[in-house]
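Enquirer: My questions are about this predicted structure, shown below with the sequence.
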Amino acid sequence: MGTVFLLSFSLSCSKEEITSTPTTVGHSSIVYFPTIEVKGQQLVIIKQGDTYTDAGATAILNGQPSTYTTTGTVNTNTPGFYILNYETRNPEGFSATTYRTVAVVGNDIPASRDYSGLYARYVGGTANGQTSTWTKTATGVYTVVNPGGATGVTATAVNYTGNKVDIPQQQTEAGTFASQGGVYNPTATPPSYQWAIVNAGYGTAVRVFIKQ
């Protein structure tokens, strides 16, 4: 019978103590991501010539106030829509952004003007069954239910000068929402308006609505 050799190994493990600091855990760095949100309203509507003072934003990094930058300007002497963008960054270069829209309503919009009512969407000259409802809330300002015709969205539209009407960029149930090229025709029989919706869930075609 051959000789059998038994080998015995003794293994030992040493535990490395893991230490942490406000910026590291062991050998890994902790990255804190910034957040930012506007102070006050995201959509501000003022009259032409009014003084506008921006409320700014609140930026947070690791539970503490942080710095941010603002780009964009507001010309209160010219009716239209102005977007202010706010951005904050952490030391690693990650950023967070938000925005505010300031709508300036021209002095040429009379307080008596009222575009409130029910409007039917027309495609190729025929009503397609979709409707939109306008309710006046202030001079030149309207709450519009189903602004693109399809249900599920409510937005603020502004008649900011002449017969120009549009939805300034704002947050809705459908996310960031706006319109462009909007024109109201008060002399048509019945009155009508058209605009193109700017939203990822909508097409870019001009949408025509006729008052019912």
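Expert: Now that the structure is in, tell me what you want to look at.
Enquirer: Residue ranges in this protein under the pLDDT threshold?
Expert: Applying pLDDT under 70 to the chain picks out residues 1-28.
Enquirer: Surely S179 is in contact with I197?
Expert: Yes: S179 is within contact range of I197, at 5.5 Å (criterion: C-beta atoms under 8 Å). Bear in mind the C-beta positions are built from the backbone N, C-alpha and C, glycine included.
Enquirer: Quick check: neighbours shared by the two?
Expert: 147, 167 (C-beta atoms under 8 Å, 6 or more residues apart in numbering).
Enquirer: Neighbours of T69, how many?
Expert: By other C-beta atoms under 10 Å, the residues close to T69 number 13.
Enquirer: Name the nearest residue to it, sequence neighbours excluded.
Expert: E87 (5.3 Å; C-beta to C-beta, 6 or more residues apart in numbering).
Enquirer: what's the distance between that neighbour and K39?
Expert: 15 Å (C-beta to C-beta, to the nearest Å).
Enquirer: higher neighbour count, these two?
Expert: Between E87 and K39, counting by other C-beta under 10 Å, E87 is the more crowded of the two (17 against 12).
Enquirer: show me the contacts for the more buried one.
Expert: Neighbour list for E87: 36, 68-69, 71, 95-97 [criterion: C-beta under 8 Å, 6+ apart].
Enquirer: and if we set it to 10 Å?
Expert: Going by C-beta atoms under 10 Å, 6 or more residues apart in numbering, E87 touches 34, 36, 57, 59, 68-71, 95-99.
Enquirer: Kindly report the same for S179.
Expert: 144, 147-148, 155, 157, 165-169, 194-199, 202, 206-207.
Enquirer: circling back to that earlier point, looking at the contacts of E87, which has the most residues close by?
Expert: Top of those by neighbour count (other C-beta under 10 Å): A57, with 23 neighbours.
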